[in-house]
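Novice: structure, please.
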Amino acid sequence: MSTALSLEERPGAAAAAALDGVRKIRRARWWGEVLTIAWLCWIYDAITNTAPLRLHLALAHGAGILSTERTLGLDPERTFDRWLAHHHTLGLIVSDYYDNAHFIVTLGLLGLLWWKRADIYRPLRNALVAVNLVAFAVFWLYPVAPPRMLPGFVDVVASTHAIGSWHTGALASQANELAAMPSLHMAWAAWCVLVVWKMTERVWLRALVVLHAIVTAGAVLATGNHYVFDLVAGLAALAVAVALAAMWQAGRRRVPDVTKLLRSAGNGSMRGAPSDRSRV
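Specialist: Below is the predicted model of the structure:
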């Protein structure tokens, strides 16, 4: 009797074979990813250039959202904002987190995902691209001024002079001030939760990224940059983006690889053709 075990009889070997298959999946080309980011920045910049022409409309939309929240008893923004404005040191910390963690955590996870998990990178990358495109469409169709631009609110980020602030100085001209709805801060933070959940089962890492999402939600409300409805809209935008990415991925699987089909057809015809020897 053979002492060799099949892969089914050796779970460890099966897992190793599966891991080898994952490793063989090619990473997306880095320059293509950089061009995608540049393309998104170009679209965002184009929308930003139209912001001054739509200020009145955006302020009206912001006031309308706040009024609706007040009617429903879902308007903690002003209370949080006033409290944080009276705690300068904490306000500076929260503002720095709001300005910088948004990019550092999201892009850091995107890079780690590209480097370590090529097998799940593309659908998750596509979801991140899609959520930005969904948000850009809403920014264009329904511009919304953030609470800090309405009476009774304090712009905590500007008043604390946070590092990397987009509200004052040279960076202010490059920011879309009328992009409160939906909250991309919330959408990106939720995307980070999704990525970590798929990358690892370590409880402390999952808890850490959930904490990041919670802190982000609190920061955008307390600094006067988003409404509660913006957070809900950000989560909804991510749900739509994930669905779109899944549909795209499924569509790609159904499209046959023409190159492989031609190669296999050519190999089949060569195997079926009689050789010179058989004709002799």
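Novice: tell me what the helix or strand containing E33 is packed against?
Specialist: E33 belongs to helix 30-48 when assigned by DSSP states H and E. Judged by 3 or more Cβ pairs under 8 Å, 6 or more residues apart in numbering; DSSP states H and E, the packing partners of helix 30-48 are helix 118-141. Where C-beta positions appear, they are placed from N, C-alpha and C, glycine not excepted.
Novice: buried stuff in the helix it packs on?
Specialist: Neighbour counts using 16 or more other Cβ atoms under 10 Å place 118, 121-132, 134-136, 138-139 of helix 118-141 among the buried residues.
Novice: now swap in stretch 149-166 and tell me
Specialist: Judged by neighbour count using 16+ other Cβ under 10 Å, the buried positions of stretch 149-166 are 149-150, 153-160, 162, 165-166.
Novice: for these, work out which two are farthest apart.
Specialist: Greatest spacing in these, by Cβ to Cβ: L150 and A162 (20.2 Å).
Novice: quick one on the thing from earlier: so which of the buried residues of stretch 149-166 comes closest to A250?
Specialist: Proximity of the buried residues of stretch 149-166 to A250 (Cβ to Cβ) peaks at W166, which lies at 37.4 Å.
Novice: returning to that earlier point: ok and the helix holding E33 relative to helix 118-141, angle-wise?
Specialist: Put simply, helix 30-48 runs at 10 degrees to helix 118-141, going by axes from the mean of the first three to the mean of the last three Cα atoms, to 10 degrees.
Novice: send the alpha carbons of the helix or strand following helix 30-48 over as PDB?
Specialist: As assigned by DSSP H and E, the chain's next helix or strand after helix 30-48 is helix 55-72. Below are the C-alpha coordinates for helix 55-72, written out as PDB (Å, rounded to 0.1, in the frame of the first residue of the first chain):
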ATOM      1  CA  LEU A  55     -22.300  78.300  -3.100                       C
ATOM      2  CA  HIS A  56     -25.800  79.600  -2.600                       C
ATOM      3  CA  LEU A  57     -27.400  76.300  -3.600                       C
ATOM      4  CA  ALA A  58     -25.000  74.300  -1.400                       C
ATOM      5  CA  LEU A  59     -25.800  76.500   1.600                       C
ATOM      6  CA  ALA A  60     -29.500  76.000   1.100                       C
ATOM      7  CA  HIS A  61     -29.100  72.300   0.800                       C
ATOM      8  CA  GLY A  62     -27.000  72.200   4.000                       C
ATOM      9  CA  ALA A  63     -29.600  74.200   5.900                       C
ATOM     10  CA  GLY A  64     -32.300  71.900   4.600                       C
ATOM     11  CA  ILE A  65     -30.500  68.800   5.800                       C
ATOM     12  CA  LEU A  66     -29.900  70.300   9.300                       C
ATOM     13  CA  SER A  67     -33.600  71.300   9.500                       C
ATOM     14  CA  THR A  68     -34.700  67.800   8.600                       C
ATOM     15  CA  GLU A  69     -32.400  66.300  11.200                       C
ATOM     16  CA  ARG A  70     -33.700  68.700  13.800                       C
ATOM     17  CA  THR A  71     -37.200  67.600  13.100                       C
ATOM     18  CA  LEU A  72     -36.300  64.000  13.500                       C
END
